[in-house]
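> Starting from these lines, generate the structure:
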Amino acid sequence: MSARPSSRTLSPRTLTAVALALAVTGALPVAGAAAAPSTPATGVAAAPLAAGLYQSAYSERNDALWATAAVGMPPAPVTGSQLVKVDPDTLEVEATYPVPVSEAGTPEAVYGIDVDDEHNTLWVTNTRNDSVAVYSQRDGRHLATLAGAKHSREVVVDERRDLAWVSAYGSGELVAYDSRTYREVRRVAVEGSGPTGLAVNERTGAVYAADYLGSRIIEVRPGTADPRLLPAGAGPLGIALSPDGRTAYTADQTTGTLTVVSLRSGAVTATVPTGAGAKSVDVSPRSGQVVVVNRLAGDVSVVDPRTTEVLATVPTGPLPNHVRIDGGTAYVLDKSAAGAGGEDLVTRIRLRAVTS
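Alright, predicted model coming up:
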């Protein structure tokens, strides 16, 4: 399923430098950490998947975890990219699918991802190509590439309204595409912004973006001309919504915190220290527990939504990059290259097991 109820101006040179850093890491790397062991007895298991992992999305329709992978750190060119289909129960790779390659031999590298189970497709961001692409979940076939999203970072699908929203970090815009026709239907610009993470409330149609440059949340509602701007922590990269859609959570890279924001009052209600380089966040639709990826700390924090206390800190691969929750299970991708063949890892966390 898709995500649920899952301002200052910089010089062009500075904006480009920051954008490239966000595209490939989102934080500075650390060294010397070991891969997380597989420990099924405690509700945690890890497995190597592929080199260059970035983000994942779970398909309820196909009972599959999809991941993007791209190898090549700017300014170096991309040397390989693929979509990876994973069995969520065994963590084994079921299939890999290549991406289109230009005449010059450069892959159309994939980074952000969300599933559209209604149309059985995958939406991905081609960050380096300033575009978005659509693939078939059935056979991994490339269906379309849509230009016009400068430094496209993340994508979220609103299945109820047949929309795919994309954060265009490089132009400070949110761009919506019709998920049936692939045509652009809306573009919202916020001057001085750098939108990164996205979440959508499918009940209301409101979409929310973490604004990394403005340290705030951008809210865009159907039928409204102007976006609403809400406070967040410093340097928010990821954003998620509570199951009832009344609360937003941001993972704040600069301060290593989780910021809790009431969407009704527009006020920050709590700030929770989680760990260095907080980057990605998701919410369990069952318990409402919030999981924050702490990239530089090499772990994730599980936060109680009622008390805002950290219930558990779970080690992952040395450089965790993204978290996606299905039911009561969190899947964390890292960029450690800790697999036997230099693969990055997926860590599966049963939230009830680690917090009970």
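> Run a quick neighbour tally on residue 47.
Using other Cβ atoms under 10 Å, residue 47 is surrounded by 16 other residues. For the C-beta atoms, the positions are set from N, CA and C on the backbone; glycine is no exception.
> Can you tell me the SS state at it?
Recorded secondary structure, residue 47: strand (DSSP: H, G, I helix; E, B strand; the rest coil).
> Skipping adjacent residues, who's closest to it in space?
Leaving aside its chain neighbours, residue 47 sits nearest to residue 91 (3.9 Å; criterion: Cβ to Cβ, 6 or more residues apart in numbering).
> which SS class is that neighbour?
Using three-state DSSP, the structure places residue 91 in coil.
> Residue 345 is in contact with that one, correct?
No: distance between residue 91 and residue 345: 9.4 Å, which falls outside the contact criterion (Cβ atoms under 8 Å).
> So the two - more neighbours on which side?
Set side by side, residue 91 and residue 345 show more neighbours around residue 345, with 27 against 19, by other Cβ under 10 Å.
> ok, residue 259 to residue 301 distance?
Distance, residue 259 to residue 301, using Cβ to Cβ, to the nearest Å: 13 Å.
> Correction: the previous question concerned residue 61.
For residue 61 relative to residue 301 (Cβ to Cβ), the value is 30 Å.
> ok, those two, which is more surrounded?
In terms of neighbours (other Cβ under 10 Å), residue 301 is the more surrounded of residue 61 and residue 301; the figures are 25 against 13.
> With the flanking residues excluded, which residue is spatially nearest to that one?
Excluding the flanking residues, the one nearest residue 301 by Cβ to Cβ, 6+ apart is residue 274, at 4.0 Å.
> which neighbours do residue 259 and residue 301 share?
Counting by Cβ atoms under 8 Å, 6 or more residues apart in numbering, the contacts common to residue 259 and residue 301 are residue 272.
> any idea how far residue 184 is from residue 329?
Using Cβ to Cβ, residue 329 is found at 35 Å from residue 184.
> Residue 154: neighbouring residues, count only.
Count around residue 154 with other Cβ under 10 Å applied: 29.
> Residue 94 - how many residues pack around it?
Residue 94 is flanked by 12 other residues according to other Cβ under 10 Å.
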